[in-house]
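Chemist: Everything below, folded, please.
(one chain, ligands or ions: 2)
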Amino acid sequence: MIQEICQKHTDLSSKEIDILNTVSKNLQLVADLYYSDILLYCRIRGGSGLVVVDEIRPRTAESVYSCSQVGRTVEMDPEGAIPQAFLQGKRIRSRSESLPDGYVADIEATPIKREHEVIAVYARMGKVVHPQRPGRKPLTYSDIAEKLSQMIYQGKLHEIDISSFRTHGDGLIEVDQTGRITFVSPNAVSTYRKLGLQDNLLGMKIDELGLDESVIMEALRGMLPREKEVSERGAVVQKKAIPLFQDDKVIGALAIVRDITDLRQKDRVIKIKEITLQEIHHRIKNNLQAVSSLLRMQARRARNEEAKEVLSKAINRISIIATVHDLLAKGKGEYVDFSHILKQVLEMMKASLGDENKEVSFELRGRGFSIPADDMISLTLVITELVQNATEHAFIGRQEGKVLIDFHDDSQMAWVEVRDDGVGLPPGFGLHSGESLGFQIVRTLVEEELGGYIRIRSDRRGTSVKIYLPTFNESHREKKDKEEKKEINEKAQSSSSGR
Ligand SMILES: Nc1ncnc2c1ncn2[C@@H]1O[C@H](COP(=O)(O)OP(=O)(O)OP(=O)(O)O)[C@@H](O)[C@H]1O
Ligand SMILES: [Mg+2]
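Modeler: Numbers count the residues shown, from 1 in each chain. Ligands and ions are numbered 1, 2, ... in the order given. Next up, the predicted model:
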């Protein structure tokens with residue numbers, strides 16, 4: 001937004017606009033600490049006035065503005081604090097300027113310079129202090145805000161990003177140049193309690209706490225902010241610190257401490273679940289391979305051809321399930337990429353499919369979508385049965401053929417189609433008739449396992465089997481689950497009230 005408005009109204013270079021972008025992000029902390037709005041002004045091209053290029057609303061207090069100020073222009077009135085800060089290149093405090101919406105407030109205008117030239121001025125409303133938070137905290141917060149404002153004025157925060165520093169949610173700590181703690185926010189106190197420090201931290205030396213405070217020590221040596229996750233005494237705390245400068249001297253450091261113990265605990269539980277799931281898939285695959293070998297041994301001993309063929313088909317089907325489990329064992333999470341798995345299963349199938357003298361080409365179309373691992377096994381079996389059918393039955397008396405596998409999930413409904421350009425289904429074919437197992441497997445899995453339905457089209461130009469399924473889109477499913485639960489509750493309520 002700053003970039004757009006600066007390019008439209010000002011003469012600022014792209015480097016200068018970059019600086020304003022960083023400073024504006026950093027001003028969020030200043031606005032929060034001051035409990036007040038900050039507006040960022042730049043000179044309009046040609047010098048006729050100033051334009052507001054950004055507004056930073058405090059997250060700790062209500063904004064004094066009811067509507068956006070960006071794009072508002074002001075005259076270059078030499079009496080005003082903001083034009084004066086521009087012209088003199090100094091921080092200017094004024095008494096009672098009139099603001100839009102009928103507010104009257106003190107304004108503090110701070111120039112932002114690049115190589116001694118003022119490129120912008122930011123103004124904060126001085127007297128707007130959060131009415132519900134009087135006392136020590138806002139005062140100390142505004143002390144810290146004042147130090148940060150000085151640093152912005154001296155160009156020390158033009159390239160450092162401190163936008164991840166927050167006053168709410170995180171704990172804030174300030175230390176002086178000797179490492180003595182001069183401020184601890186209530187959140188910081190509770191984080192340090194979790195780390196086993198019950199004492200009043202104020203006045204203590206940071207390097208005497210017995211904890212890993214290396215980021216703060218580095219900041220005191222003037223080093224750039226660095227984030228560090230520290231695990232201590234059963235808690236995990238994220239720490240980040242910046243040096244506080246006055247002129248070129250480090251006068252202390254400001255740090256945030258964030259208690260992320262619960263977050264990391266949840267991450268660990270998820271990781272363990274993931275590994276367990278992978279291990280289960282791996283073992284199932286091994287067991288299925290053992291079953292396949294047993295059946296292969298039996299097939300070798302079978303006396304008649306029909307028994308050999310039946311066993312060989314069973315081995316193929318088991319191998320497909322084993323392959324999917326193997327791929328799931330290598331993947332992550334509960335959801336898997338459908339096209340990725342399908343591609344690999346098809347590659348594996350191609351080797352064993354159909355007649356070597358026939359030229360059958362396969363095409364996988366459709367945008368990838370992720371589906372739950374359990375559904376993946378059923379769906380892969382369905383598709384492999386259909387692909388198997390196409391290669392076995394569609395190209396009778398032909399030298400070549402095409403099989404297309406297309407799929408789609410538009411978050412309302414998903415479908416998968418297997419289409420061939422073969423001879424078409426035999427006359428009188430019915431999905432429910434016949435003794436053969438292939439279509440029975442397809443029907444059972446689609447209707448009973450996947451909750452979908454099948455549509456078949458067939459003529460002399462080929463066969464298309466399309467499977468319609470409930471969407472795999474996670475958020476859509478969750479929404480539907482909620483709706484269903486609500487409906488059940490409503491029904492339950494109305495039947496109990498009718499009794
Ligand atoms: N794509 C197709 N093109 C032409 N005919 C087909 C096609 N798919 C199936 N058929 C016909 O439908 C019949 C039933 O198929 P189904 O998959 O149920 O059994 P199968 O393939 O004969 O045996 P199985 O799948 O149990 O090994 C097939 O025998 C074949 O005649
Ligand atoms: Mg079949």
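
Chemist: Please, which helix or strand holds the closest residue to ligand 1 within the stretch 101-250 of the chain?
Modeler: When scored by C-beta to the nearest ligand atom, the stretch 101-250 of the chain has V236 as its residue closest to ligand 1, at 54.9 Å. (Glycine included, C-beta is placed from N, CA and C.) For V236, the enclosing helix or strand under DSSP states H and E is strand 235-246.

Chemist: who does that strand touch, helix- and strand-wise?
Modeler: In this structure, strand 235-246 packs against helix 136-153, helix 186-194, helix 214-220, strand 226-232, strand 249-259, helix 261-301, with contacts taken as 3 or more C-beta pairs under 8 Å, 6 or more residues apart in numbering; DSSP states H and E.

Chemist: in the stretch 351-499 of the chain, which ranges drop under the pLDDT threshold?
Modeler: Per-residue confidence for the stretch 351-499 of the chain (pLDDT under 70) gives these ranges: 353-355, 368, 474-489, 491-499.

Chemist: Around ligand 2, pick out the residues from it.
Modeler: Counting by C-beta under 5 Å from the ion, the residues of the stretch 351-499 of the chain lying close to ligand 2 are N389, G438.

Chemist: if we can go back for a sec, pretty sure E229 is one of the things the residue of the stretch 101-250 of the chain closest to ligand 1 touches, is it not?
Modeler: Yes - contact status for V236 versus E229: in contact at 6.3 Å, counting by C-beta atoms under 8 Å.

Chemist: which residues of the protein fall in helices?
Modeler: Remark: helices assigned in the chain by DSSP state H are 2-9, 14-34, 81-88, 136-153, 186-194, 214-220, 261-301, 305-330, 338-352, 373-389, 438-444, 474-498.

Chemist: Where in the chain is the helix or strand with the lowest mean pLDDT?
Modeler: None of the helices or strands of the chain scores lower by mean pLDDT, DSSP states H and E than helix 474-498, at a mean of 62.

Chemist: so, in contact with ligand 1 or not, stretch 310-323?
Modeler: Yes - counting by C-beta under 6 Å from any ligand atom, ligand 1 is contacted by stretch 310-323 at K313.

Chemist: quick one: low-confidence ranges for this protein?
Modeler: Of all residues in the chain, those with pLDDT under 70 make up the ranges 95-105, 126-139, 353-355, 368, 474-489, 491-499.

Chemist: Format the helices and strands packed on strand 235-246 as TSV; extra columns: distance to D409 and mean neighbour count.
Modeler: As requested, the helices and strands packed on strand 235-246 are arranged in TSV below (distance: least, C-beta to C-beta, whole Å; neighbours: other C-beta atoms under 10 Å):
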stretch	distance to D409	mean neighbour count
helix 136-153	49	18
helix 186-194	43	17
helix 214-220	45	21
strand 226-232	37	13
strand 249-259	38	21
helix 261-301	23	13
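
Chemist: With respect to ligand 2, which of the ones you listed lies nearest?
Modeler: helix 261-301 (18.2 Å; C-beta to the ion).

Chemist: quick one: that closest one to helix 373-389, angle?
Modeler: 30 degrees (axes from the mean of the first three to the mean of the last three C-alpha atoms, to 10 degrees).

Chemist: what helices or strands is helix 261-301 leaning on?
Modeler: Based on contacts counted as 3+ C-beta pairs under 8 Å, 6+ apart, the elements that helix 261-301 packs against are strand 235-246, helix 305-330.

Chemist: Partner strands of the shortest one and their direction?
Modeler: In other words, strand 235-246. Under the criterion DSSP bridges, strand 235-246 sits next to strand 226-232 (antiparallel), strand 249-259 (antiparallel) in its sheet.

Chemist: Helix 136-153 and that one, what's the angle between them?
Modeler: Going by the same axes, to 10 degrees, strand 235-246 makes 60 degrees with helix 136-153.

Chemist: same deal with the last one?
Modeler: In terms of direction (the same axes, to 10 degrees), helix 305-330 departs from helix 136-153 by 90 degrees.

Chemist: Tell me the buried residues in helix 305-330?
Modeler: 311, 314-315, 317, 319-329 (16 or more other C-beta atoms under 10 Å).

Chemist: From ligand 2, how far off is the residue of the chain most remote from its centre?
Modeler: For the chain, the C-alpha farthest from the mean C-alpha position belongs to R303; by C-alpha atoms, centre = their mean, that distance is 59.4 Å. The gap separating R303 from ligand 2 is 24 Å, by C-beta to the ion, to the nearest Å.

Chemist: May I have the phi/psi pair for that residue?
Modeler: Summarising the backbone geometry of R303 under the convention degrees, to the nearest 10, its torsions are phi -90, psi -40.

Chemist: Contact partners for it?
Modeler: With contacts defined as C-beta atoms under 8 Å, 6 or more residues apart in numbering, R303 has no neighbours.

Chemist: Distance-wise, check it relative to L437.
Modeler: 22 Å (C-beta to C-beta, to the nearest Å).
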